[in-house]
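Asker: any chance you could fold what I've pasted below:
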Amino acid sequence: SSFCNPDEVPANKDECSTDECTMWIAGEWTPCSSDCGPGVRTRKVVCAAQETQTQLAEEKCTADKKPISKSSCIETSCADSENEEDNVIATDAVSNKERNKKFRKNESFKEDESFSVNKVWPFHRNAKLPRYRWKIGHWSKCSAYCGGGGQKRVVTCYDRVRGQTEADQWKCSQVRPKPRDEQACNSSECPEGEWLQGEWSPCSVSCGKGISWRAVSCVDRIVGELLYEERCQQSKPMTEKMCYESPSCENHLPQLQGLEQEMGGQTFAWTAGAWGQCSATCGGGHKQRQVVCQDREGVEDDRCEQADRPRQGDSCNQEPCPAWNFGEWGKCDRPCNGGVSNRLVRCQDHLGQNLPDQQCNLNTKPGASKTCNKHACLILRRRRYLWKVGKWSQCNKLCGKGERSRPIQCVDLLSKTMSVVGDNLCSGRKKPNEKNYCNRQPCPFVWQAGDWSQCSHTCGHGMQTRRVTCHRVNTFNWIYPERTDVTGCSSIERPKEVQTCHNLPGCEAQFVWAVGTWSECSWAVCDKKGRQKRPLHCQDRE
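Answerer: Just a heads-up that it's a prediction; the model follows:
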């Protein structure tokens, strides 16, 4: 080796690269094939380069580490159930109602005799319930009795793992489309009502001033069915009125005759007059009448038997008076600093029928609203230092996974100009990413370069060449082996096809360096730099 020029020794050791690292990439699971009960779900699993995530042939990845692409599933977020129990929103992750829902024997699957809740389903043994599901509340009362109304219900996304509602409803939509939360109701035409007036009752007294009643109801104008009073457009007629009977009670002689008694040749008996006006129209009152002992001539006597004397007083109008009825307090309209809560207050009779407020004591009417949540709202202390995020720059590549960046600065919110300060003052919050990948979609065309050829000369100056071709790329980032027109590829990014050979000995030298072929790369770890060697010796040019 001493005969060869030491300044022209070719390299016999060099870095080398092994195959790029690969990995399996699993896509999102498809929705369960069943709307309720056992089903199957699938997902796409591909082999890809770990660095660029470019799709490769499956032979490049380890087969025994490939994730499953098909799995069994059990869908419990069933369609709207007619059973009220199925629509109740529970707070626990998997309540007993949910575990039994749609799986009651001989109920949900009664048409399929081959199905049994104890049957072993032929699916993957590790099948799990979906993490996210829709929880459905009860339908609200229809906003109208007829003529077309609407009703609503709460439909919320629920996380089974955390046992709480999930704000991102898209996660539940991946499992099952969101059920409707509004629907029409009571679309039939409203009946037209009219007041049906009964006959006036006899006057409550036989003398003087009394009261007369009648029944007034709102009925369907066509079929005569009883309707809510709101269906009658006109004002409700009177149901009671004052009545007067003459003569006055002071001069009114008793008219009812009692049992006659005879003593000393004379006949006499207890005689009772008509009942007077009741002291109350409802809630229990008292009425009086005149009772006297008289002979046949109408002259009062005191020889009647006291045991036979008719009652002079009695109770009357025992039915309860109309009273105020009220519901539960509603939710406060503000969480703090004083809000308002409302409730329904109605005047009703003892049968629960609504009456005008004037028929109840207005002085004792309960309040329909009250203040609530009077405590002061907590004022959260404002952070002084925050990350200010700028706009993303343009992607440095149109395709094939490029990069973009944005400015991230820590600023002082209490300064007038939001001055920039050191990043350490914003350490309480995680700094947003300054860079991310963009335009990950594969380029439609790409250059492919072959290996360099042997040098054109063994001494002096030589050249090396290689083949550079343009190829089409599909949506899965697969490169077609067929060449295409070079106009499809970017001329700026075209690799070199010719380069100068380096470290060639001078042609006048008698002894030259001879090199052998490179050995295999010494590193077996993917995508890492290794070492390779080749034999080197000095020989006579001849």
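
Asker: tell me how far S187 lies from V223.
Answerer: S187 is 19 Å from V223, where distance means C-beta to C-beta, to the nearest Å. All C-beta atoms are positioned from the backbone trio N, CA, C, and that covers glycine.

Asker: neighbour count for these two, which is higher?
Answerer: S187 (11 against 7; other C-beta atoms under 10 Å).

Asker: excluding chain neighbours, what is closest to the more buried one?
Answerer: Counting by C-beta to C-beta, 6 or more residues apart in numbering, the nearest residue to S187 once its immediate chain neighbours are dropped is G148, at 4.9 Å.

Asker: hang on, that neighbour packs against Q183?
Answerer: No. Counting by C-beta atoms under 8 Å, Q183 is not a contact partner of G148; they are 11.6 Å apart.

Asker: list the beta-bridge partners for D540.
Answerer: The bridge-partner assignment for D540, based on DSSP bridges, gives F511.

Asker: distance of it from C4?
Answerer: Using C-beta to C-beta, one gets 10 Å for the distance from D540 to C4.

Asker: low-confidence ranges, the chain, go.
Answerer: 1-3, 7, 17-19, 35-37, 75-128, 206-208, 246-265, 378-382, 523-529, 541-542 (pLDDT under 70).

Asker: residue boundaries of the helices in it?
Answerer: For the chain, the helices identified by DSSP state H occupy 96-100, 170-173, in order along the chain.

Asker: summarise which helices and strands the shortest one is packed against.
Answerer: Just to be clear, that refers to helix 170-173. Packing contacts for helix 170-173, counted by 3 or more C-beta pairs under 8 Å, 6 or more residues apart in numbering; DSSP states H and E, involve strand 132-136, strand 155-159.

Asker: got the buried residues for that helix?
Answerer: Buried residues in helix 170-173, counted by 16 or more other C-beta atoms under 10 Å: 171-172.

Asker: restrict that helix to CA atoms and write it as PDB.
Answerer: In PDB, the C-alpha atoms belonging to helix 170-173 read as follows (Å, rounded to 0.1, in the frame of the first residue of the first chain):
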ATOM      1  CA  TRP A 170     -69.700  14.000  17.400                       C
ATOM      2  CA  LYS A 171     -68.400  11.100  19.500                       C
ATOM      3  CA  CYS A 172     -71.900   9.700  20.000                       C
ATOM      4  CA  SER A 173     -72.800  10.400  16.300                       C
END
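
Asker: just use 469 as the starting number from now, easier for me
Answerer: Renumbered: residue one is now 469, and that last one reads helix 638-641.

Asker: give me the contact list for it.
Answerer: With contacts defined as C-beta atoms under 8 Å, 6 or more residues apart in numbering, helix 638-641 is touched by 545, 599-602, 625-627, 634, 646.

Asker: now for these, which pair is the farthest apart?
Answerer: Greatest spatial distance in the contacts of helix 638-641: R599 and K646, 16.3 Å, computed using C-beta to C-beta.

Asker: check contacts around the nearest residue to P912 once chain neighbours are set aside.
Answerer: On the basis of C-beta to C-beta, 6+ apart, the spatially nearest residue to P912 that is not a chain neighbour turns out to be V941, at 6.0 Å. If a contact means C-beta under 8 Å, 6+ apart, then V941 has 910-914, 947-948 as its contacts.

Asker: let's see that with 10 Å instead.
Answerer: When contacts are counted by C-beta atoms under 10 Å, 6 or more residues apart in numbering, V941 is found next to 522, 867-868, 909-914, 947-948, 956.

Asker: can you pull up the bridge partners for the most centrally placed residue in the chain?
Answerer: By C-alpha atoms, centre = their mean, the mean C-alpha position of the chain lies nearest to T624, the distance being 1.9 Å. Beta-bridge pairing of T624 under DSSP bridges involves K603.

Asker: tell me which residues touch it, please.
Answerer: Counting by C-beta under 10 Å, 6+ apart, T624 has contacts 557, 602-605, 633-635, 637, 640, 646, 649.

Asker: most neighbours, which of these?
Answerer: For those, neighbours tallied by other C-beta under 10 Å; top is C640, 24 neighbours.

Asker: which residue, neighbours along the chain excluded, lies closest to that residue?
Answerer: Of all residues not flanking C640 in the chain, C625 sits nearest, at 3.9 Å (C-beta to C-beta, 6+ apart).

Asker: same check on N971?
Answerer: Leaving aside its sequence neighbours, N971 is closest to P478 (5.3 Å, by C-beta to C-beta, 6+ apart).

Asker: C927 is in contact with the one you found, correct?
Answerer: No. The pair P478 / C927 is not scored as a contact, 12.0 Å apart, by C-beta atoms under 10 Å.

Asker: what touches both of the two?
Answerer: Residues within reach of P478 and of C927 at once, by C-beta under 10 Å, 6+ apart, are 972-973, 980.

Asker: include distance to A516 and neighbour count when you put those into JSON lines, please.
Answerer: As requested, the shared contacts of P478 and C927 are arranged in JSON lines below (distance: C-beta to C-beta, whole Å; neighbours: other C-beta atoms under 10 Å):
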{"residue": "L972", "distance to A516": "42", "neighbour count": "18"}
{"residue": "P973", "distance to A516": "46", "neighbour count": "20"}
{"residue": "V980", "distance to A516": "47", "neighbour count": "20"}
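
Asker: could you export those as CSV, including distance to V508?
Answerer: Supplementary listing: the shared contacts of P478 and C927 in CSV, determined by distance: C-beta to C-beta, whole Å:
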residue, distance to V508
L972, 66
P973, 70
V980, 70
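
Asker: just give me the neighbour total for the residue nearest to C658 when sequence neighbours are not counted.
Answerer: Once its chain neighbours are removed from consideration, C658 has its nearest residue in C614; the separation is 3.9 Å (C-beta to C-beta, 6+ apart). C614: 16 surrounding residues under other C-beta under 10 Å.

Asker: residues contacting C614?
Answerer: Contact partners of C614, counting by C-beta under 10 Å, 6+ apart, are 653-659, 695-696, 699.

Asker: so which of the residues you listed wins on neighbours?
Answerer: Within the contacts of C614, most neighbours by other C-beta under 10 Å means L695, with 20 neighbours.

Asker: how close does that residue sit to V687?
Answerer: Counting by C-beta to C-beta, the separation of L695 from V687 is 6 Å.

Asker: okay, and the common contacts of those two?
Answerer: Shared between the contact lists of L695 and V687 (criterion: C-beta under 10 Å, 6+ apart) are residues 659, 661-662.

Asker: from those, pick the one nearest D763.
Answerer: Top of the list for closeness to D763, among the shared contacts of L695 and V687 and by C-beta to C-beta, is E662 at 57.5 Å.
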